[in-house]
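Peer 1: Next come a sequence and a model predicted from it.
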Amino acid sequence: MTKTIPAYQRIKNAILDNIHSGKWQAGSAISTEMALATEFGVSRMTVNRALKELSEERVLERRQGSGTFVAQQQFNHTFVEVRNIAEDLKSANRDYEAKVVSKRAVTAAMLDDELRRKFGIDEMATVTHTDASDAPILYEVKIIHVADGQPIQFEERWVDAKKVPHFIDQDFTVVNTSDYLVAKIPLESGSYTIRALAAPNEVADALQIAPQSPTLVLRRQTYSAGQVVTFVKMWHAGDRYQFSGEL
């Protein structure tokens, strides 16, 4: 049996689709409660529930007397959340350059277990939808961040293709991946880990170090409306980079 989606959830989904597609940008007003009630054929009370939940999830911002707006959530003010490698290196007066190693669309058949788990993708659901087998599920980009001619960071990033459909079209030698995502989609939270790992061959080649050399790897996933929008691995040569902050 097909489970009926509650009316308030359909309204939430429609609002999120408009935000993710870029129809409603951060800071812009969305349709009024009355307009949404008319569009979906429901009461204003039902619309109010949808808007209230999205406001509590920090996707929307309700301003009394002005309406409801798309909120742009900034990360917490910690070193790993707000800054990106380009900003760090430029602020240190280093000569910065980004080199794109590869960009590609990832289909259901190309997903590994880690990506399925990170993005909450059901393997059986993707297998049964054979008509959409060639549709991109994620976008993948790999970038070497260089300072003064020396590789400092190797970035491997995956982005939800539906939520950020034009991500793959960007020139990431000019546009920073994190900056683009912050500008295009409301980001509500993130989590990360930092580990010391031996460099696999691909990473060693990118960072111009010997295979199995020590590296620091920051793995971060970022959420919008409770769903992962992007997952990234940032590899750093152990003797060229350090993480620091204040307590």
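Peer 2: Ah, there it is.

Peer 1: Leaving out sequence neighbours, find the closest residue to the residue nearest in space to the middle of the chain.
Peer 2: A centroid search over the chain (Cα atoms, centre = their mean) returns Thr230, at 3.0 Å, as the residue closest to the centre. With sequence-adjacent residues excluded and distances taken as Cβ to Cβ, 6 or more residues apart in numbering, Thr230 is closest to Val159, at 4.7 Å. Bear in mind the C-beta positions are built from the backbone N, C-alpha and C, glycine included.

Peer 1: sec struct for that neighbour, please.
Peer 2: For Val159, the secondary-structure state derived from DSSP: H, G, I helix; E, B strand; the rest coil is strand.

Peer 1: what about it, how many neighbours?
Peer 2: Applying other Cβ atoms under 10 Å, we find 26 residues neighbouring Val159.

Peer 1: Quick check: it touching Tyr139?
Peer 2: Yes - applying Cβ atoms under 8 Å as the test, Val159 and Tyr139 come out as touching, 4.7 Å apart.

Peer 1: Residues in contact with both of these two, list them for me.
Peer 2: Shared between the contact lists of Val159 and Tyr139 (criterion: Cβ atoms under 8 Å, 6 or more residues apart in numbering) are residues Phe167.

Peer 1: any idea how the protein splits into domains?
Peer 2: 7-70, 85-237 (the TED database).

Peer 1: Serialize those to a markdown table and add fields for distance to Phe243 and mean pLDDT.
Peer 2: Listed next are the domains of the chain as a markdown table, based on distance: least, Cβ to Cβ, whole Å; pLDDT from 0 to 100:
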| stretch | distance to Phe243 | mean pLDDT |
| --- | --- | --- |
| domain 7-70 | 27 | 89 |
| domain 85-237 | 6 | 88 |
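
Peer 1: Serialize those to CSV and add fields for distance to Ser244.
Peer 2: CSV is the format used below for the domains of the chain (distance: least, Cβ to Cβ, whole Å):
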stretch, distance to Ser244
domain 7-70, 28
domain 85-237, 11
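
Peer 1: hmm, back to that, name whatever forms a beta bridge with the residue nearest to the centre of the chain.
Peer 2: Beta-bridge partners for Thr230, by DSSP bridges, are Val159, Thr222.

Peer 1: pretty sure it is touching Arg219, no?
Peer 2: No - with contacts defined as Cβ under 8 Å, Thr230 does not count as touching Arg219, sitting 11.6 Å away.

Peer 1: and the residue nearest to Asn18 when sequence neighbours are not counted, how many neighbours does it have?
Peer 2: Spatial nearest neighbour of Asn18, excluding adjacent residues (Cβ to Cβ, 6+ apart): Trp24 at 4.7 Å. Burial of Trp24 is recorded as 20 neighbouring residues (other Cβ under 10 Å).
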